[in-house]
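Participant: From the sequence below, what's the structure:
(one chain, ligands or ions: 1)
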Amino acid sequence: MIKGLKNIVVVALILALITITFTGCGKDSGNGKAGKTGTSLDKIKASGKIVLGTSPDYPPYEFHKEVNGKDTIVGFDIAIAEEIAKDLGVELEIKSMEFGGLLADLKTDKVDFVMAGMTPDAERVKEVDFSTIYYNAEHGLVVNKKDIDKYKEISDLKGKIIGVQKGAIQEDIAKEQIESPQIKALGKVSNLMLELKTGKVDAVVVEQPVASAYVKGNDELYMTDIVFKDEEGGSAVAVKKGNKELLESINKTIERLMKENKIEEFVINANEIMDNE
Ligand code: ARG
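Facilitator: Presented below is the predicted three-dimensional model:
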């Protein structure tokens with residue numbers, strides 16, 4: 001009799017324990033800490049940091065600079081990213097890579113957002129979601145100073161070796177607007193400029209602020225007056241497809257910065273940092 005009662009008590013206790021364990025679990029994931037129900041914005045806030053993917057070969061957007069003896073990634077994209085992080089109440093962590101690899105890392109959650117002077121063209125819009133445009137620039141052309149007289153119009157580029165960044169829209173622009181170009185696509189803009197100086201490419205197509213940044217640092221290089229058309233132009237922030245909450249927060253930050261004329265200020269600052277050798 002007593003033994004039977006004991007068994008019942010033991011079974012009841014086990015049942016109670018099982019119930020507690022399960023409800024406990026349910027509550028945890030309900031909080032969305034790292035559980036499936038948590039949004040990616042929750043995860044960012046819980047981790048206390050947001051990870052930016054960028055390609056720091058694009059002054060004044062993003063570039064390397066020695067700050068207090070330490071190699072640092074700076075630029076107006078980075079200043080905007082800092083504000084995005086600040087508005088979310090988290091730290092900014094920067095992951096740098098070649099431009100061509102950025103969207104793959106975004107899609108596989110290796111970075112939370114991408115800022116790299118990236119243009120939201122039709123192809124990319126299918127893959128990721130973009131913020132409102134925060135900056136507009138035209139596409140220009142860098143050549144060797146000794147060739148200034150050779151390149152006055154786009155038609156002068158016929159059949160020439162044109163340097164573009166791998167995965168960047170300048171590749172399409174060059175193919176569409178230059179007659180039978182020989183395209184040379186490299187991962188880094190800095191390497192394109194080296195190829196240009198050593199005569200391995202005839203001209204490089206990049207956004208004009210970047211063209212003028214490289215020309216400032218290189219006496220042998222020159223930015224021509226040639227401008228390439230680009231209806232889809234402008235830079236926007238990319239997030240993973242469907243990451244609505246993060247995108248809303250980013251758009252709010254951009255809206256605030258534009259209202260406060262901060263983006264212009266960040267561009268000026270970035271140019272100043274660049275000039276302070
Ligand atoms: N705006 C161009 C594009 O979206 C080039 C951007 C290159 N950015 C960079 N950080 N290297 O394709």
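
Participant: now the residue nearest the centre of the chain: how far from Lys150?
Facilitator: Closest residue to the average C-alpha location of the chain: Met115 at 2.3 Å, with Cα atoms, centre = their mean. Per Cβ to Cβ, to the nearest Å, Met115 is found 36 Å from Lys150. Every residue, glycine included, has its C-beta placed from N, CA and C.

Participant: Would you mind naming what in the protein lies close to the ligand?
Facilitator: Within the chain, the positions lying close to the ligand (Cβ under 6 Å from any ligand atom) are 55, 57-58, 61-62, 99, 116-119, 165, 168-169, 189, 207.

Participant: one more time with 5 Å
Facilitator: For the chain, the residues in contact with the ligand (Cβ under 5 Å from any ligand atom) are 55, 58, 99, 116-119, 168-169.

Participant: Name the member of the residues you listed with the most neighbours.
Facilitator: Counting neighbours by other Cβ atoms under 10 Å, Ser55 leads the residues of the chain next to the ligand with 28 neighbours.

Participant: Look up how far Val204 lies from Thr224.
Facilitator: 11 Å.

Participant: With neighbour numbers in mind, choose between these two.
Facilitator: Val204 (28 against 20).

Participant: Nearest residue to the more buried one in space, please, no chain neighbours.
Facilitator: Gly163 (4.0 Å; Cβ to Cβ, 6 or more residues apart in numbering).

Participant: Which strands or helices does whichever helix or strand the one you found is part of pack on?
Facilitator: Taking DSSP states H and E as the definition, Gly163 sits inside strand 161-165. Strand 161-165 is packed against helix 170-177, strand 182-186, helix 189-197, strand 203-207, with contacts defined by 3 or more Cβ pairs under 8 Å, 6 or more residues apart in numbering; DSSP states H and E.

Participant: ok, and for the second one, which residues are buried?
Facilitator: Right, strand 182-186. Buried residues in strand 182-186, defined by neighbour count with 16 or more other Cβ atoms under 10 Å: 183-186.

Participant: and Glu232, that one's in a strand?
Facilitator: No. Counting by DSSP: H, G, I helix; E, B strand; the rest coil, one finds Glu232 to be coil, located in no strand.

Participant: Kindly provide the distance from it to Phe130.
Facilitator: Taken as Cβ to Cβ, the span from Glu232 to Phe130 is 11 Å.

Participant: what do the two both touch?
Facilitator: Contact with both Glu232 and Phe130 is made by residues Pro120, according to Cβ atoms under 8 Å, 6 or more residues apart in numbering.

Participant: Neighbour count: these two, which is higher?
Facilitator: Taking neighbours as other Cβ under 10 Å, Glu232 and Phe130 compare with Phe130 leading, 21 against 15.

Participant: rewinding a little: which residues do Thr224 and Val204 both contact?
Facilitator: With Cβ under 8 Å, 6+ apart, Thr224 and Val204 have common neighbours 141-143.

Participant: Quick check: the residue nearest to Val204 touching Pro181?
Facilitator: No. Gly163 lies out of contact with Pro181 (Cβ atoms under 8 Å); the separation is 10.2 Å.

Participant: More neighbours: the two, which one.
Facilitator: Remark: of Gly163 and Pro181, Gly163 carries more neighbours, 26 against 21, as counted by other Cβ under 10 Å.

Participant: show me the contacts for that one.
Facilitator: Counting by Cβ under 8 Å, 6+ apart, Gly163 has contacts 184-186, 192, 195-196, 201, 203-205.

Participant: how close does it get to the ligand?
Facilitator: 13 Å (Cβ to the nearest ligand atom, to the nearest Å).

Participant: Show me what the helix or strand hosting Val125 is in contact with.
Facilitator: Per DSSP H and E: Val125 is located in helix 122-127. Contacts to helix 122-127, defined as Cβ under 8 Å, 6+ apart, come from residues 103, 107, 118, 130, 232, 238, 241.
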